[in-house]
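Asks: 3D, please:
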Amino acid sequence: MAALDLILLHPPSLYDFRKRPGIHGPISDVVPSTPIFEMYPIGFASLSEYLERHGLRVRIVNIALKMFKDERFDVERFIRKQKPVAFGIDLHWMAHVQGALALAEIVKCYHPETPVILGGLSATYYHEEILRQYPFIDFVVRGDSTEKPLVQLLHAIKEKGNFGDIPNLTWREGRDGSGEIRVNPLTYVPENLDDIAIDYRHIMRKVLRYVDPTGYQPFIDWYSYPVTAVFTCRGCTYHCKTCGGSSLTFRSMANRQRPAYRDPKMLARDIFNISDHLHGPIMIIGDIFQPGEDYGLAFLQEMKGKPISNHIAFEFFVPPSRRLFEKIAESIPNFNIEISPESHDEEVRRAFGRPYDNKALETMITDAVDLGSKRIDLFFMIGLPKQTYASVLGTVDYCRFLLERFRSYGKLIPFISPLAPFLDPGSMVFEVPEKYGYRLFYRTVEEHRRALLTPSWKYILNYETEWMTRDDIVYSTYEAGKRLNRLKAEFGLIDQKTAESVEMRIEAAVRMMKEIDRIMTLPDPKEREIQLEPTLYGRRSLHAYSMSTVCEKRELEWPTRFIRMNFIKILKTLLMRRKSQFSHE
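Replies: As a prediction, the model looks like this:
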């Protein structure tokens, strides 16, 4: 097998999660991954496909998942055996900062001459600080689109070329990396996504090539629940105050003046390719009507020409009109919806950046139910501007109102979770917290890294607000989760056994959080450590107090067929020679 040019490594949020005591909290209850965030960024898939298409050999290794699945998996032994031209590590969301830096340091320890490259939005925000503070990082590729700069960088590394002309790159002068930090202009900002692909067939072939199903597995339960995603765009037109992917944040961090969209025909083709191989749900990331109705309608017309049985989940930033829902229903036999009103309180919602009222939300639900939506997920959040403890519980009361109103439908599923662990660097609130009623506890990379080593998610939180302290955020989360869990049982959305199990975990987590608070008041750091260790053994505490805490993880699952994969089609794909989907090749 030819030598590898790049190994992309995905770290856990906390490198020593298997040993270190702590309660990560319900921070991942409403996403597919566990609290160590083992789901690697979908950008890994597009990078791998793009680089291989341009003659480079790439491997993805989900280190976080390997560590989670196998207590005996030896990270250092694995890293020591690898011999690529370079290693790449993602630092997209700050939740990974401790794990990413720990993994990078291990790589550099065993491969001091091999470049270590960081990428992602958080790496972009902190690019100079990272190179200044952490000598085991050699390069940061910045922006939301790093495919082309990474090709140029790898060629420059292999050929001992000039790094000064590579767009979006932050680097150190001198071959030993000891010189001045250089920041190349961030000029590679593609206007569309037509030259980039999230091609799951490519991933299937790589699994076979490296005989590594775990290394490419997106998250812990993926093989039993093979949910996939396609992307409409990079960038956004909305200005949500705490979002690291808002319009203003993309403009300041990634030099993106407007979103880059994927051609609607190519988006439909992405879905058809998935449907040919997998029978699981497909999530469309990004509102198909964000670029305008014409884009969404063009996509739906393509889908109408080839009806598929997979459940398709649409994400909406604002409630669509009934006319647009009618077009969806005509084109997609099994459509599902998710929308994030964030709060029942319209003042809170507006302060956050969601430009619609409850009447519009309820009209959308009515229309979706009438037109046959298979499921509607509503996501509410805790830690918002102008939100109080009482307002959080008021959101649960509003959920009761909605469940009563749509009782006969039986597939309206509300969720509530905290804005945690961190406010996104680059978001409006992070940049000027006082303006929006927030107080930040951590700003630098090192402060965030150290925060992830604290024993509970209360101490990890990098903020509180004028209206809610850290304690308010933590305990309103558990109380709202308990009340919403009871509501779901009452309305038959979950069975009684599940409801009782969730409530037991909530109550156990609350007791343990209070015990940690008691231990943290002890003046002697050594005594604190002694008392924390037996209380919160790493892996045991992860399962007991941080997974399926405020809701059962399986509540998130959209409908799927009993046989979830087309094994004959997958086998044909693995045996056939790859054909490019790009017409210019």
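
Asks: tell me where the stretch 101-250 of the chain has strands.
Replies: 116-119, 139-141, 169-172, 181-183, 228-231, 233-234 (DSSP state E, counting those that start in this stretch).

Asks: figure out how far the third one is from the centre of its chain.
Replies: In this case it means strand 169-172. Computed by C-alpha atoms, centre = their mean, to the nearest Å, the chain-centroid distance of strand 169-172 equals 26 Å.

Asks: which residues touch it?
Replies: Here strand 169-172 makes contact (C-beta atoms under 8 Å, 6 or more residues apart in numbering) with 127-128, 131, 138-142, 149, 153, 163, 178-184. C-betas here are computed from N, CA, C, even on glycine.

Asks: one step back: and the strands of the stretch 101-250 of the chain as CSV, adding distance to Pro32?
Replies: What follows is those, written out as CSV (distance: least, C-beta to C-beta, whole Å):
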stretch, distance to Pro32
strand 116-119, 22
strand 139-141, 26
strand 169-172, 32
strand 181-183, 36
strand 228-231, 10
strand 233-234, 21
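
Asks: could I get these as TSV with mean neighbour count?
Replies: Output for these, formatted as TSV (neighbours: other C-beta atoms under 10 Å):
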stretch	mean neighbour count
strand 116-119	25
strand 139-141	27
strand 169-172	23
strand 181-183	15
strand 228-231	21
strand 233-234	23
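
Asks: out of the ones you listed, nearest to Cys240?
Replies: Across those, Cys240 has its closest neighbour in strand 233-234 (15.3 Å, C-beta to C-beta).

Asks: mind giving me the packing neighbours of the closest one?
Replies: Where contact means 3 or more C-beta pairs under 8 Å, 6 or more residues apart in numbering; DSSP states H and E, strand 233-234 is packed against strand 260-261.

Asks: helix or strand right after the strand it packs on?
Replies: Using DSSP states H and E, the helix or strand that follows strand 260-261 in sequence is helix 264-277.

Asks: average pLDDT for that next one?
Replies: Computed over helix 264-277, the mean pLDDT rounds to 95.

Asks: how far is that helix from where the chain is centred?
Replies: Distance of helix 264-277 from its chain centroid, counting by C-alpha atoms, centre = their mean, is 22 Å.

Asks: what residues does the helix or strand following that helix touch?
Replies: Next in sequence after helix 264-277, counting helices and strands by DSSP H and E, comes strand 282-285. The contact list for strand 282-285, computed with C-beta under 8 Å, 6+ apart, reads 42, 227-232, 267, 271, 274-275, 310-315.

Asks: pLDDT below threshold where in the chain?
Replies: Where the chain drops to pLDDT under 70, the residues are 1, 21, 175-177, 534-544, 577-585.

Asks: now do whichever helix in it runs longest: everything it contacts.
Replies: Secondary structure assigned by DSSP state H gives helix 496-520 as the longest helix of the chain. Helix 496-520 is contacted from outside by 23, 25-26, 455-456, 458-459, 474-475, 478, 481-482, 485-486, 488-489, 494, 528, 531-532, 535-536, 541, 544-546, 548-552, using C-beta under 8 Å, 6+ apart.

Asks: return the distance of that helix from the chain's centre.
Replies: The answer for helix 496-520 is 25 Å, by C-alpha atoms, centre = their mean.

Asks: make 463 the first number, not 1, from now on.
Replies: Okay, using 463 as the starting number, the last item reads as helix 958-982.

Asks: what about the helices in the stretch 913-1047 of the chain?
Replies: Assigned by DSSP state H, counting those that start in this stretch, the stretch 913-1047 of the chain shows helices spanning 919-922, 932-952, 958-982, 987-997, 1000-1007, 1029-1037.

Asks: likewise for the stretch 463-612 of the chain?
Replies: For the stretch 463-612 of the chain, helices defined by DSSP H, counting those that start in this stretch occupy the ranges 505-515, 525-531, 537-543, 559-572, 583-587, 589-595, 609-621.

Asks: and the shortest one, C-alpha only, in PDB?
Replies: Output in PDB follows, covering the C-alpha atoms of helix 583-587 (Å, rounded to 0.1, in the frame of the first residue of the first chain):
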ATOM      1  CA  LEU A 583     -13.800  27.300  13.000                       C
ATOM      2  CA  SER A 584     -12.400  27.400  16.500                       C
ATOM      3  CA  ALA A 585      -8.800  26.900  15.100                       C
ATOM      4  CA  THR A 586      -9.500  29.700  12.700                       C
ATOM      5  CA  TYR A 587     -10.600  32.100  15.500                       C
END
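
Asks: what about it, distance to the chain center?
Replies: What separates the centre of helix 583-587 from the centre of its chain is 14 Å, taken as C-alpha atoms, centre = their mean.
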